[in-house]
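Engineer: Predicted model, plus sequence, below.
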Amino acid sequence: MIILPKTLYDEMLKHCLNSLPIEACGLLGGVIEDEKRIVKKVYLLTNVDKSPEHFSMDPLEQFAAVKDMRKNSWILLGNFHSHPTTPARPSEEDKRLAFDRNLSYLILSLMDEKNPVLKSFRIYESHVEEEQIQII
């Protein structure tokens, strides 16, 4: 289970809406307690591909985010990206690029901007498992 404070969800949603029509992306830093993955900070990164269908995170922003996580004794819990016009499920590219089975892969669908859908997945090899999200 991944626990996401509402304020951080709102930051993520705003970033994704402001990035339309391209995909937005970012990293999640936090802690693991009793098998719960608790997000402490959402790092809003630049999609250097500027594409509505895929993303690549700015490497300098990634480095700065990981440095900040280390400074706060947090770990990288996962990443997120938006799907501007498709459902919140991993594409074939998402599955192919999910290199770390220990991370959570969050996808925020904006197919219906008034009713965004956020889902989290654990992905390893070709296996995809939806992970419960609790927004508090």
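Structural biologist: Right, received. Where do you want to start? Numbers count the residues shown, from 1 in each chain.
Engineer: just so I have it, where are all the strands in this structure?
Structural biologist: Using DSSP state E, the strands of the chain run over 2-4, 25-33, 36-45, 75-83, 104-109, 117-124, 127-131, 133-135.
Engineer: Same list (the ones you listed) but as TSV, adding mean neighbour count and distance to residue 94.
Structural biologist: Where C-beta positions appear, they are placed from N, C-alpha and C, glycine not excepted. Output for the strands of the chain, formatted as TSV (neighbours: other C-beta atoms under 10 Å; distance: least, C-beta to C-beta, whole Å):
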stretch	mean neighbour count	distance to residue 94
strand 2-4	21	17
strand 25-33	21	11
strand 36-45	20	16
strand 75-83	23	8
strand 104-109	22	7
strand 117-124	18	7
strand 127-131	13	9
strand 133-135	14	17
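Engineer: And those strands: which comes nearest residue 16?
Structural biologist: strand 75-83 (3.9 Å; C-beta to C-beta).
Engineer: What is the closest one packed up against?
Structural biologist: Here strand 75-83 touches helix 6-19, strand 25-33, strand 36-45, helix 59-71, strand 104-109, going by 3 or more C-beta pairs under 8 Å, 6 or more residues apart in numbering; DSSP states H and E.
Engineer: Let's test this: mean pLDDT of the last one, rounded?
Structural biologist: I take that to be strand 104-109. The average pLDDT for strand 104-109 rounds to 98.
Engineer: now that strand, how far from the chain's geometric center?
Structural biologist: 5 Å (C-alpha atoms, centre = their mean, to the nearest Å).
Engineer: any idea of the angle that strand forms with strand 75-83?
Structural biologist: 20 degrees (axes from the mean of the first three to the mean of the last three C-alpha atoms, to 10 degrees).
Engineer: Which neighbours in the sheet does strand 104-109 have, and how are they oriented?
Structural biologist: Sheet partners assigned to strand 104-109 using DSSP bridges are listed as strand 75-83 (parallel), strand 117-124 (antiparallel).
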